[in-house]
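Engineer: pasted the sequence and its predicted model underneath.
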Amino acid sequence: MWSTARDIADGDTVIVWLTRDFLQPLTVTAGKDFNSKFGNYRHSDFIGLPFGSKVGSRTGKGFIHVLRPTPELWTLALPHRTQILYVADIALVVAYLDIRRGSRVVEAGWFPSTVSLALVGRIAGIHSWATGTGSGSFSHSVARTIGPSGRLWSYEFHEARAKKASEEFARHGMSDFVTLTHQNVCKDGFNLTDEADSVFLDLPAPWDAVPHAKQALRKDRTTRICCFSPCMEQVLRTVSALNDAGFSDITMYETLVHQHDVSQVPVLPPISEVAEKLKKAEGIREVKRQRQIAAGQRTHEPHGEKRKRGEGDDDGVEEGAPGSAELESGKRLKTGDEAPSTLAETVSVVPTTAPAAVSKISVSKVVPEVRGHTSYLTFATLLPPLPASALEDAKQEPDQTS
Amino acid sequence: MSASTPLQLDTRSSVVKSGNTVLFRLPNGDAKALKVDKDSTVSLGRLGLFYANELIGEPFGRTYDIVNKKLKLLPPRTLADIEDTDATNELINDGEFVQPLTGDEITALKQSGTHASDIIKLQIEQHANYSLKTEYSKEKYKKRKEAKYSKTFTTIEPTLFNVCEYWFNKDQDRVRDIRIDALSQILHMANIRPGGRYIAVDDASGLIVSGILERMGGQGRLITISNTDSPPAYPIMVTMNFNDETVTPVLSSLNWATADETHTPLVPPVDLSPDQIKSDRQKSRINKRKAALDLLNSNREELFAGGFDSLIIASEYDPWSILERLVPYVAFSGSIVVQSPYAQILSEVQTKMRALPQYLGPSLSQVWLRRYQVLPGRTHPMMNTSGTGGFILHAIKVNDDETATGMAGFRRHKSAAKTSNGTTPTPGASTSTPTLVPVVVVAEDDAMDDVAETAMDEVEPEPST
């Protein structure tokens, strides 16, 4: 497949990482330029660098990373970048179908040629478009897993797409073990008999291809099939077709991946902090209220009252210890000074009495918008046929339980 | 197309072999792992015993009935359509006496060797309200009784999917919450392929190691680092039934002491002069010791030489301390995949990664999986499901040699831009991960939204398309 050498050579495919959301495949060709928002580069700048290098632009403004392609990066770098969501589906399919080194896999896809068609398809819910030959996500992933000792037969309904995919497989060094055929498999089948270990169908009407898939699968060992369909109605028809064709262990899964946002936030303050502040503010407010009452009494109170209070005050000064009056006035002064700032604090709510070093914690949550559905993955198993003797027994004792 | 005989590169046998650890699916849906040895009997508890030789050589996935210690092969079960009737269960009340057949009578029937299906038939005949049940309830009733009396079992092929499912259901803690969807994603993110070179830290009973070995198919290298003095026990590898060619040439293990470059392992002397060797036994002992030491040294040299394609971690230890130790041995553009049952632990690691430019695009994700019951007229998600399949952190190691790429001037420019405009995330604020990482920063003032499209226009098309 792609280069496994340490350094980039002329003619290698690389993935240019511009930002996390903007990746691009590139065939390194000496003499060519790569120009982007992130600076200008010559392909020859990349040659001889290790894969995975950061490269500064020739103008000194901007940089990019040139990475070794993987099926996952390839998927991210395709025009339909939302396809990263399908990585979970592809991974589960490869695991369930027991695809490994040397496996012989059949894949059939149906892909509209334009994005607009694809969108129409998604809205109408009649077919899926995101995996399979058209985008190459599944093919590249399977090719990586089976390796050159495996075999992948890929079928594409759309002629121009088939041609393009075929060229791409050649460019990525997959031609030796990946065959692409332009064919309508629902009508014409796979031209294979007892050859494949597993079949993956990404078709609008997979039930039409199920009998052909059975023919393509080997009968000397356990083999498996997966049908990838976005709609429940498709699943139900597929399940009946699989059951009728003699597949067993029919089951269905849905899988998704939820990306998390990670951020650092200051350690959350305990309520005791804010309670203390509120209590303090309460005390200050009370002192202020008392002062206002006192001030009001001085200006408005009737004579009798004034005399009485005045007497009391005099008594206090005269009878109290010499230091007590000083202490009281000093205290009042202090709280008076503090009052405005504390009140301002309570208004802003956020505690401003920050400790010397604010300790932070890392937190994560699922990103606000996630894909809620990609497709249903219907799986089934085809067991090697029973020996004739066992079949005789089964006939004599018709199904005991169900 | 050609009908060439396929070249079989199997990691295990496709039929049951003597010595295999076989998974059995029991009538109640549970799975059980048992070793099947030639000329022995296999005991499946309530289901009874059978002779192992009857199973040896059989393909996995078949269903059998145990009849007098012998196996009777059954055809695979098909989905039966259920015809709806007018019954609604409305006339059935709780607590009514409906089953005259007593427990003792059933036990007697079982002991007399009556077949499970006949017992169930008898129960149905005697059941007072059976005919009032809806067809769906009847189906459920039969299934419940079957789980109780049937002596039918199915062998489960030890595919990675099946083995992972078995262990996850058996003991989720021992596999550190790694469900099959998580495991398959880890293997893809780490770009596991035949011929690759990987480092793994697997404290998940060997589930990660099993997955990697299965995908390597006997080609490439896997060095694992364990916390044990002796080679680590990866019990899940036993259930995978790998053949020797899959494991021996590929897998080597070091521990946290021998994987330390500054540490010199203390070993007894191996280079004795001939006159010091007194017996043949001593000589063979020394030869063995020398072979072990040579192997240890070559494994260490291999690790320290670096250049590995990926590092995969599912460990009970602080992942950051593991990354600090092992990331130097990962090649540029290699993948780093860290799994944990806890998002918090990986959040901390991601925060630390973001501060270091050698980690490109760290991203944290959570897996989600839902299984459905697919039966004609009764298709719905399973009522019970697993709550978590774990969390995965992925990053790419890159070469941040600034002098080599002449980025010094740009870095200054970039930090100036950082303070003068708001396009870069400020530390502490939520950095809305999927759109931006501090490592990759836009050099100009344009809003991120415009960048992709504008840049797309300016970029040359890929030459050969």
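Structural biologist: Cool, the structure landed.

Engineer: show me the strands in the stretch 251-400 of chain A, by range?
Structural biologist: Ranges of strands in the stretch 251-400 of chain A, per DSSP state E, counting those that start in this stretch, are A:360-366, A:376-382.

Engineer: actually the stretch 201-350 of chain B, not the one I typed
Structural biologist: B:221-226, B:251-255, B:308-314, B:330-340.

Engineer: could I get those as TSV with mean neighbour count?
Structural biologist: In short, each C-beta sits where N, CA and C put it, glycine included. Listed next are the strands of the stretch 201-350 of chain B as TSV, based on neighbours: other CB atoms under 10 Å in any protein chain shown:
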stretch	mean neighbour count
strand B:221-226	22
strand B:251-255	19
strand B:308-314	25
strand B:330-340	25
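
Engineer: any idea which of those gets closest to chain A?
Structural biologist: Nearest to chain A among those is strand B:330-340 (2.9 Å), distances taken as CB to the nearest CB.

Engineer: close to chain A, is that closest one?
Structural biologist: Yes - using CB under 8 Å from any CB of the partner chain, we find that strand B:330-340 touches chain A at B:331-335.

Engineer: by proximity to chain B, which residue of the stretch 101-250 of chain A wins?
Structural biologist: A:R101 (2.6 Å).

Engineer: dump the residue contacts of the residue nearest to that residue when sequence neighbours are not counted.
Structural biologist: Of all residues not flanking A:R101 in the chain, B:G217 sits nearest, at 2.6 Å (CB to CB, 6 or more residues apart in numbering or on different chains). Taking CB atoms under 8 Å, 6 or more residues apart in numbering or on different chains, we find B:G217 in contact with A:100-102, A:147, A:149, B:9, B:11, B:194, B:246.

Engineer: switch the cut-off to 7 Å
Structural biologist: B:G217 sits next to A:100-102, B:9, B:11, B:194, B:246 when contact means CB atoms under 7 Å, 6 or more residues apart in numbering or on different chains.

Engineer: dump the strands of the stretch 251-400 of chain A to a markdown table, plus mean pLDDT and distance to chain B.
Structural biologist: Listed next are the strands of the stretch 251-400 of chain A as a markdown table, based on pLDDT from 0 to 100; distance: least, CB to the nearest CB, whole Å:
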| stretch | mean pLDDT | distance to chain B |
| --- | --- | --- |
| strand A:360-366 | 93 | 4 |
| strand A:376-382 | 96 | 6 |
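
Engineer: comparing the ones you listed, which stretch has the densest surroundings?
Structural biologist: strand A:376-382 (a mean of 23; mean count of other CB atoms under 10 Å in any protein chain shown).

Engineer: mind giving me the packing neighbours of it?
Structural biologist: Under the contact criterion of 3 or more CB pairs under 7 Å, 6 or more residues apart in numbering or on different chains; DSSP states H and E, strand A:376-382 touches helix A:87-96, strand A:223-229, helix A:232-244, strand A:248-266.

Engineer: can you put the ones you listed in TSV and add mean neighbour count?
Structural biologist: Formatted as TSV, the helices and strands packed on strand A:376-382 follow (neighbours: other CB under 10 Å):
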stretch	mean neighbour count
helix A:87-96	26
strand A:223-229	26
helix A:232-244	19
strand A:248-266	19
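
Engineer: tell me where the longest strand sits in chain B.
Structural biologist: What stands out as the longest strand in chain B, according to DSSP state E, is strand B:359-373.

Engineer: what about that one, near chain A?
Structural biologist: Yes - Strand B:359-373 reaches chain A (CB under 7 Å from any CB of the partner chain) through B:360-361, B:363-372.

Engineer: go through those residues and name the one nearest B:P319.
Structural biologist: Using CB to CB, B:L364 comes nearest to B:P319 of the residues of strand B:359-373 next to chain A, at 12.0 Å.
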